[in-house]
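Peer 1: Build me a model from this:
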Amino acid sequence: MDIHALFDQSAAFHGHTCPGLAIGVRAAAEAQRILGLKFSEDEEIVCVTENDACGVDGIQVILGCSAGKGNLIFRMRGKQAYSFFNRKNGRKVRLVLKNLPKMDREEKQKFILDAPFEDVFLEKQPDYGLPEEARIFESIECEICGEKTAEPYIRLENGKKVCIDCVTEYHRV
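Peer 2: Numbering: from 1, shown residues only. Below is the predicted model of the structure:
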């Protein structure tokens, strides 16, 4: 499928077209090329995104990475950067958006989709290993609100198992 068809498919999911969506579409397409990826039915592909912006939707549509499946991980750094991992062969790549020349919205979107790869992204390696597969944790009832909460998000306060929303914040300054 060509990049513009992928962009249109992603825009239908995202709700509009924009340069941000183009970044994610292009990153996903380049990750497919570099790592030999197809659509991820389960957790064969992992994307660690360093932002929560429009481009993430393109990655979801093209690669099948999603938070619910556990193969879309947010490592918030505020950067237009994405690390992709292929669990089948261990290959990985980190794509970082380059500083782009000044241009209007439509020109930028077109540039991101059509310019040579090396004009759009820096190709690097992630500085961390393949994230572990998603785990299913026991749900524990918060002793204050009664809501079930995944075990890693329970806190112990005055001998009670308490969710993050009910725990008393502790500040000294």
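Peer 1: Got the domain ranges for this structure?
Peer 2: Using automatic domain parsing, the domain parsing of the chain gives 3-124, 136-173.
Peer 1: can you put the ones you listed in CSV and add mean pLDDT and distance to residue 130?
Peer 2: Every residue, glycine included, has its C-beta placed from N, CA and C. CSV is the format used below for the domains of the chain (pLDDT from 0 to 100; distance: least, CB to CB, whole Å):
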stretch, mean pLDDT, distance to residue 130
domain 3-124, 97, 5
domain 136-173, 95, 19
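Peer 1: and residue 103, what is it in contact with?
Peer 2: Contact analysis of residue 103 by CB atoms under 8 Å, 6 or more residues apart in numbering lists residue 111.
Peer 1: could you redo the last one with a cut-off of 10 Å?
Peer 2: Contact analysis of residue 103 by CB atoms under 10 Å, 6 or more residues apart in numbering lists 19, 109, 110, 111.
Peer 1: in which helix or strand would I find it?
Peer 2: Using DSSP states H and E, residue 103 sits in no helix or strand.
Peer 1: And for residue 21?
Peer 2: Using DSSP H and E, the element containing residue 21 is helix 19-35.
Peer 1: which parts of that helix are buried?
Peer 2: Buried residues in helix 19-35, counting neighbours by 16 or more other CB atoms under 10 Å, are found at 19-32, 34-35.
Peer 1: distance between that helix and the chain's centre?
Peer 2: 12 Å (CA atoms, centre = their mean, to the nearest Å).
Peer 1: and what of stretch 161-173?
Peer 2: 29 Å.
Peer 1: and for it, what are the contacting residues?
Peer 2: 140-151, 153-158, 160.
Peer 1: how about 7 Å then?
Peer 2: Contact with stretch 161-173 is made by 140, 142, 143, 144, 145, 147, 149, 153, 154, 155, 157, as judged by CB atoms under 7 Å, 6 or more residues apart in numbering.
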